[in-house]
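Peer 1: Following is a predicted model, sequence given first.
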Amino acid sequence: MAQDILGEKIAAAVEAAVKKIETKVIPVVEGDRIRCKLSIMEGSPETDAVVKGTYKSFRGAVKVLLPNNNWAFIDPRCVLKVM
């Protein structure tokens with residue numbers, strides 16, 4: 001019985017890892033208005049932003065201008081949609 005529960009937990013963890021790997025990266029260019037999360041972590045807040053640049057040497061990071069006029073570098077997987 002304990003082995004069944006452990007097996008289910010392992011299966012759920014593997015499924016979550018595969019789902020995270022399968023996330024698609026939406027291509028963006030400078031000047032795009034986007035809807036994005038501030039972090040790849042689950043439950044991270046969403047916000048609107050304007051793309052100010054992309055950096056391939058920095059793991060493909062996207063530099064964005066947030067509504068409060070602060071800059072942020074976000075993971076390209078955090079881009080939810082281009083508006």
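Peer 2: Noted; the coordinates are in hand.

Peer 1: switch to C-alpha atoms for all contacts and neighbour counts from now on
Peer 2: Fine.

Peer 1: Please point out which parts of the strand ranked longest in the chain sit buried.
Peer 2: Counting by DSSP state E, the longest strand found in the chain is strand 46-55. In terms of neighbour count (16 or more other Cα atoms under 10 Å), strand 46-55 has its buried residues at Asp48, Ala49, Val50, Val51, Lys52, Gly53, Thr54.

Peer 1: How about the first one: what's its closest non-neighbour residue?
Peer 2: Beyond its immediate neighbours in the sequence, the residue positioned closest to Asp48 (Cα to Cα, 6 or more residues apart in numbering) is Arg35, lying 4.6 Å away.

Peer 1: Surely that neighbour is in contact with Val51?
Peer 2: No: the pair Arg35 / Val51 is not scored as a contact, 10.3 Å apart, by Cα atoms under 8 Å.

Peer 1: Okay, now the unreliable bits of this structure?
Peer 2: Scanning the chain for pLDDT under 70 picks out the ranges 1-4, 14, 16-23.

Peer 1: Which stretches in it count as strands?
Peer 2: Applying DSSP E to the chain gives strands spanning 33-37, 46-55, 61-65, 71-74, 79-82.

Peer 1: The first one packs against which elements?
Peer 2: Where contact means 3 or more Cα pairs under 8 Å, 6 or more residues apart in numbering; DSSP states H and E, strand 33-37 is packed against strand 46-55, strand 79-82.

Peer 1: quick one: buried residues of that strand?
Peer 2: Of the residues in strand 33-37, Arg33, Ile34, Arg35, Cys36, Lys37 count as buried by neighbour count, 16+ other Cα under 10 Å.

Peer 1: Farthest-apart pair in the residues you listed, please.
Peer 2: Using Cα to Cα, the pair of the buried residues of strand 33-37 lying farthest apart is Arg33 and Lys37, separated by 13.3 Å.

Peer 1: Distance check, Val50 against Glu30.
Peer 2: 8 Å (Cα to Cα, to the nearest Å).
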